[in-house]
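> The amino acid sequence is not available; the structure is as follows:
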């Protein structure tokens with residue numbers, strides 16, 4: 001096996017794995033499922049690398065794959081009834097209390113509050129805001145992940161901020 005390929009994969013994994021895991025965990029609210037999706041994301045990266053496919057932006061590739069895997073997971077899960085989803089949510093796993101995985105990005109009650117409000121937004125605003133302010137990606141990177149132009153990503157970020165300000169009453173968002 002090509003040691004350069006292995007070294008490149010290990011470097012990408014060490015840099016990106018925590019961010020991809022957080023991305024998955026916040027969306028699926030289940031630590032084990034987030035780990036499974038993260039693992040599958042990196043398996044797909046490895047498969048593409050072995051096939052010799054050129055990956056221009058490793059980070060964008062990983063977020064795109066993870067996002068698609070999450071969508072697939074929700075499609076499979078969709079068969080659950082609304083009642084079972086509500087009962088799981090009432091006594092279920094709260095990602096905001098898991099200090100070991102997400103605690104380092106959530107710095108107190110205001111951060112948790114803002115993240116909850118971001119999660120309430122329509123996905124056309126939720127994803128760009130999350131990627132911009134939690135994962136610290138640039139609009140061109142966000143556009144590549146979401147399959148839109150950098151300009152469209154910027155517009156969605158700005159419109160998402162307007163919606164977030166409405167939800168929070170302008171108390172937490174700088175203008």
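Yep, that arrived. Since we're looking at a predicted model, the values are computed, not measured. Residues are numbered from 1 along each chain as shown.

> Let me see the contact set for the residue nearest the centre of the chain.
Closest to where the C-alpha atoms of the chain average out (C-alpha atoms, centre = their mean) is residue 23, at 2.7 Å. Residues near residue 23 by C-beta atoms under 8 Å, 6 or more residues apart in numbering: 63, 66, 67, 130, 135. For glycine as for every other residue, the C-beta is placed from the backbone atoms N, C-alpha and C.

> Just the closest of those to residue 124, please.
Proximity of the contacts of residue 23 to residue 124 (C-beta to C-beta) peaks at residue 130, which lies at 12.0 Å.

> Does the closest one touch residue 22 like I think?
No: Residue 130 lies out of contact with residue 22 (C-beta atoms under 8 Å); the separation is 9.7 Å.

> In which helix or strand does the residue nearest to the centre of the chain reside?
Using DSSP states H and E, residue 23 maps to helix 3-28.

> Just the element for residue 72, please.
helix 58-77.

> Mind picking the one among the contacts of residue 23 that's closest to residue 166?
When the contacts of residue 23 are compared against residue 166 (criterion: C-beta to C-beta), the nearest one is residue 130, at 17.7 Å.

> residues in contact with residue 141?
57, 59, 60, 131.

> So what does residue 147 have for phi and psi?
Phi and psi for residue 147, reported as degrees, to the nearest 10, are phi 70, psi 30.

> dump the residue contacts of it.
Going by C-beta under 8 Å, 6+ apart, residue 147 touches residue 64.

> Local confidence estimate at it?
For residue 147, the pLDDT comes out at 90.

> before we move on, what about residue 144?
90.

> which residues touch it?
Applying C-beta under 8 Å, 6+ apart to residue 144 gives the contacts 57, 60, 64.

> give me that answer again for 6 Å
residue 60 (C-beta atoms under 6 Å, 6 or more residues apart in numbering).

> Go through the host helix or strand of it and flag the buried ones.
According to DSSP H and E, residue 144 maps onto helix 139-146. Under the neighbour-count criterion of 16 or more other C-beta atoms under 10 Å, helix 139-146 has 139, 141, 142, 143, 144, 145, 146 buried.

> mind giving me a markdown table with those residues and columns for distance to residue 159?
Formatted as a markdown table, those follow (distance: C-beta to C-beta, whole Å):
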| residue | distance to residue 159 |
| --- | --- |
| 139 | 13 |
| 141 | 18 |
| 142 | 13 |
| 143 | 15 |
| 144 | 19 |
| 145 | 18 |
| 146 | 14 |
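
> Can you check the pLDDT for residue 24?
Predicted confidence (pLDDT) for residue 24: 90.

> List the contacts of it.
By C-beta under 6 Å, 6+ apart, residue 24 lies in contact with 34, 37, 38, 66.

> pLDDT weak spots in this structure?
1, 78-112, 170-175 (pLDDT under 70).
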